[in-house]
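J.: predicted coordinates and the sequence they were generated for:
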2 protein chains.
Amino acid sequence: MPTLTKRLDPAQVVDSALELADTEGLDAVTLRRLAQLHEVTPMALYRHFSDKLDLLNALGDRLLADIELPEPSERPWEERLRQMLTAFVAALRPHPRVAGLTLTRILIAEPGLEMAERTMEILVDGGFDPDYAAEVGRQSICSLITLVTTEPGAGEDPEPSAREQALRLKRATLSALDPKRYPLITGTADTLVCPASTDDYYSLGIDLVVAGIRGVRPA
Amino acid sequence: MPTLTKRLDPAQVVDSALELADTEGLDAVTLRRLAQLHEVTPMALYRHFSDKLDLLNALGDRLLADIELPEPSERPWEERLRQMLTAFVAALRPHPRVAGLTLTRILIAEPGLEMAERTMEILVDGGFDPDYAAEVGRQSICSLITLVTTEPGAGEDPEPSAREQALRLKRATLSALDPKRYPLITGTADTLVCPASTDDYYSLGIDLVVAGIRGVRPA
DNA sequence: ACGCTAGGTCTACGGTGTAAACTTGTCAAC
DNA sequence: GTTGACAAGTTTACACCGTAGACCTAGCGT
């Protein structure tokens, strides 16, 4: 039986905030807008979130909760590392416009802590001493978040027609540069504006990070 | 002789915006605030910038203009690459809170284009084909921007006392975790919260990127 | 039965970006 | 010289934002 006519569930609020941000961008996530979606006064949100920042943090935590950690295995450390990083990226990929919110939450939200610990564990297995593993891990994670944040189409989605139009314009601007001065840029304008395949984009990004880690590994 | 009592120089506006952002954060950069600094009405800014976004873009361009490209040399490609990336990071380092604004401007502002072209040139010298160089270069640059953006003290500066206090709190939160569950995190809490040396932080970041590039280099 | 309180509401305030209409020095051309 | 024209600053106004503070009021624990 319904106890109260209006009953706000914070988790649902975060869910609609996520949906809103995914479709209209983070700027569209507004207390008033959110309240309206739940047929409630803006101030009602303050019963569940102390701040707008608090709500945004909850949004970041929400993303981290989607991480599906790979189960432990006996494979070589590099392979496990790649699995871990891939799992992380997979959780963020569906939400490029909010992925940045996880930056400050990894060492706070439980799923982030879990991932951080397991990642460092792998690095230590690989021969890094713990403090070095901490720094390397930190930077690698940041790089991967940026990878998602700066994904080709992260700017706008509306309908694909507008997106396509924007890309066309960018491509044109780049191609219009002086080929004498910028031969490589004009020559690769298409690739620069938008990589051929999103999957390739991500796998290259992960390759770069993994290769970097391997490269700075102590002898 | 002064031609007009009020004469706004866009470059000076951008300069004060930069100063403001450096000391008080990007949120403090407000049209009204900026106008006030130049003893002018907020709307006056619209004679020189079409948008706030336009002004922010100008700020990003301003940062890129600080890049001091290394002069061409015959050294091995890896060394030249490191020089180039180091020069880029050096330009952004003094302004961690605005460094992110360069993300969208590199392929637009002239100094950014120059750097991009030269970087790709180095990569091609190193054996990358141009399109691969484009993707690798793009992601490396993004990683380095993030490196600056997420620099340990990027959050707040006011006086170092407040900053130190915030760090202490973070450290405490991390150390308070269950050491059974998060042995590595609790063990390296100090490092995670703030790397020992800022210079080491940056040189590790650059090392990671360079090593990554070397690692994905085609045979 | 009764007070407490969690979880809503209402009103109001200061701050933000910016659209539209206006004023006013400055200079080029007649 | 006088006269437009125009670039650059002003004024006013608007819609929207986050949020402080005072106010209900339904429902539960004692």
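T.: Now that the structure is in, tell me what you want to look at. Numbering: from 1, shown residues only, chains lettered A, B, ... in the order given.
J.: packing partners for the lowest-mean-pLDDT helix or strand in chain A?
T.: Least confident helix or strand, chain A: helix A:160-175 with a mean of 90, by mean pLDDT, DSSP states H and E. For helix A:160-175, the packing partners by 3 or more Cβ pairs under 8 Å, 6 or more residues apart in numbering or on different chains; DSSP states H and E come out as helix A:183-187, helix A:189-193. C-beta here means a position set from N, CA and C on the backbone, and glycine is covered the same way.
J.: what's the longest helix in chain A?
T.: Determined from DSSP state H, the single longest helix within chain A is helix A:130-149.
J.: quick one: that one near chain B?
T.: Yes: Helix A:130-149 is in contact with chain B by Cβ under 8 Å from any Cβ of the partner chain, via A:130-131, A:133-136, A:138-140, A:142-143, A:145-147.
J.: residues near residue A:68, how many?
T.: For residue A:68, the neighbour count with other Cβ atoms under 10 Å in any protein chain shown is 10.
J.: checking it next. Helix, strand or coil?
T.: coil (DSSP: H, G, I helix; E, B strand; the rest coil).
J.: verify the stated contact: it with residue A:90.
T.: Yes: between residue A:68 and residue A:90 there is a contact at 7.4 Å, judged by Cβ atoms under 8 Å.
J.: and the angle for the longest helix of chain A with helix B:130-149?
T.: 120 degrees (axes from the mean of the first three to the mean of the last three Cα atoms, to 10 degrees).
J.: elements contacting helix A:130-149?
T.: Judged by 3+ Cβ pairs under 8 Å, 6+ apart, helix A:130-149 is in contact with helix A:77-92, helix A:110-125, helix A:198-215, helix B:130-149, helix B:183-187, helix B:189-193, helix B:198-215.
J.: now that helix and helix B:198-215, what's the angle there?
T.: 60 degrees.
J.: output helix A:130-149 as CSV, nothing but the C-alphas.
T.: In CSV, the C-alpha atoms belonging to helix A:130-149 read as follows (Å, rounded to 0.1, in the frame of the first residue of the first chain):
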residue,chain,number,x,y,z
PRO,A,130,53.6,-0.6,-4.5
ASP,A,131,54.3,3.2,-4.6
TYR,A,132,55.3,3.1,-8.2
ALA,A,133,52.3,1.0,-9.0
ALA,A,134,50.1,3.6,-7.3
GLU,A,135,51.4,6.4,-9.5
VAL,A,136,51.4,4.4,-12.7
GLY,A,137,47.9,3.1,-12.0
ARG,A,138,46.6,6.5,-11.2
GLN,A,139,47.8,8.0,-14.4
SER,A,140,46.7,5.1,-16.5
ILE,A,141,43.2,5.3,-15.1
CYS,A,142,43.1,9.1,-15.8
SER,A,143,44.2,8.5,-19.4
LEU,A,144,41.4,6.0,-19.9
ILE,A,145,38.8,8.3,-18.5
THR,A,146,40.0,10.9,-20.9
LEU,A,147,39.9,8.4,-23.7
VAL,A,148,36.2,8.0,-23.1
THR,A,149,35.6,11.7,-22.5
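J.: distance of the residue most central in space within chain A relative to residue A:22?
T.: Nearest to the geometric centre of chain A sits residue A:99, at 2.9 Å (Cα atoms, centre = their mean). Residue A:99 is 11 Å from residue A:22, where distance means Cβ to Cβ, to the nearest Å.
J.: which SSE is the nearest residue to residue A:47 once chain neighbours are set aside in?
T.: Counting by Cβ to Cβ, 6 or more residues apart in numbering or on different chains, residue A:47 lies nearest to residue A:8, which is 7.2 Å off, once chain neighbours are set aside. Assigned by DSSP states H and E, residue A:8 belongs to no helix or strand.
J.: assign residue A:104 to helix, strand or coil.
T.: Using three-state DSSP, the structure places residue A:104 in coil.
J.: let me know the pLDDT of it.
T.: At residue A:104, the model reports a pLDDT of 97.
J.: what of residue A:154?
T.: 78.
J.: which residues touch the nearest residue to it once chain neighbours are set aside?
T.: Closest residue to residue A:154 apart from its sequence neighbours, by Cβ to Cβ, 6+ apart: residue A:96 at 4.3 Å. By Cβ atoms under 8 Å, 6 or more residues apart in numbering or on different chains, the contact set of residue A:96 is A:148, A:149, A:151, A:153, A:154.
J.: where does residue A:96 fall, phi/psi-wise?
T.: phi -60, psi -30 (degrees, to the nearest 10).
J.: so, low pLDDT: which residues of chain A?
T.: Within chain A, the ranges that satisfy pLDDT under 70 run A:1-5, A:157-158.
J.: repeat that with 80
T.: Within chain A, the stretches with pLDDT under 80 are A:1-6, A:153-160.
J.: what does it put close to DNA strand C?
T.: A:4, A:6, A:7, A:8, A:35, A:40, A:41, A:43, A:44, A:47, A:48 (Cβ under 7 Å from any atom of the strand).
J.: wait, the fourth one sits on residue A:48?
T.: Yes: look at residue A:8 against residue A:48 with Cβ under 8 Å: they come within range, at 6.3 Å.
J.: what strand or helix carries residue A:57?
T.: Secondary structure (DSSP H and E) places residue A:57 in helix A:52-64.
J.: typo on my end, it should be residue A:177
T.: Going by DSSP H and E, residue A:177 is not in any helix or strand.
J.: can you put the helices and strands packed on helix A:160-175 in JSON lines and add mean neighbour count and distance to residue A:54?
T.: As requested, these are exported to JSON lines (neighbours: other Cβ atoms under 10 Å in any protein chain shown; distance: least, Cβ to Cβ, whole Å):
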{"stretch": "helix A:183-187", "mean neighbour count": "19", "distance to residue A:54": "43"}
{"stretch": "helix A:189-193", "mean neighbour count": "19", "distance to residue A:54": "37"}
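J.: just to check, residue A:210 is in contact with residue A:81?
T.: Yes: with contact defined as Cβ under 8 Å, residue A:210 reaches residue A:81; the gap is 6.2 Å.
J.: ok so, going back, quick check: the residue nearest to residue A:154 vs residue B:191, distance?
T.: 29 Å.
J.: the least confident helix or strand of chain A relative to helix B:110-125, how many degrees between them?
T.: 80 degrees.
J.: pull out the buried positions in helix A:160-175.
T.: A:163, A:167, A:170, A:174 (16 or more other Cβ atoms under 10 Å in any protein chain shown).
J.: just name the closest of those to DNA strand D, please.
T.: residue A:163 (23.1 Å; Cβ to the nearest atom of the strand).
J.: wait, the closest one sits on residue A:152?
T.: No: the pair residue A:163 / residue A:152 is not scored as a contact, 9.6 Å apart, by Cβ under 8 Å.
J.: what number of residues lie near residue A:196?
T.: Neighbours of residue A:196 using other Cβ under 10 Å come to 11.
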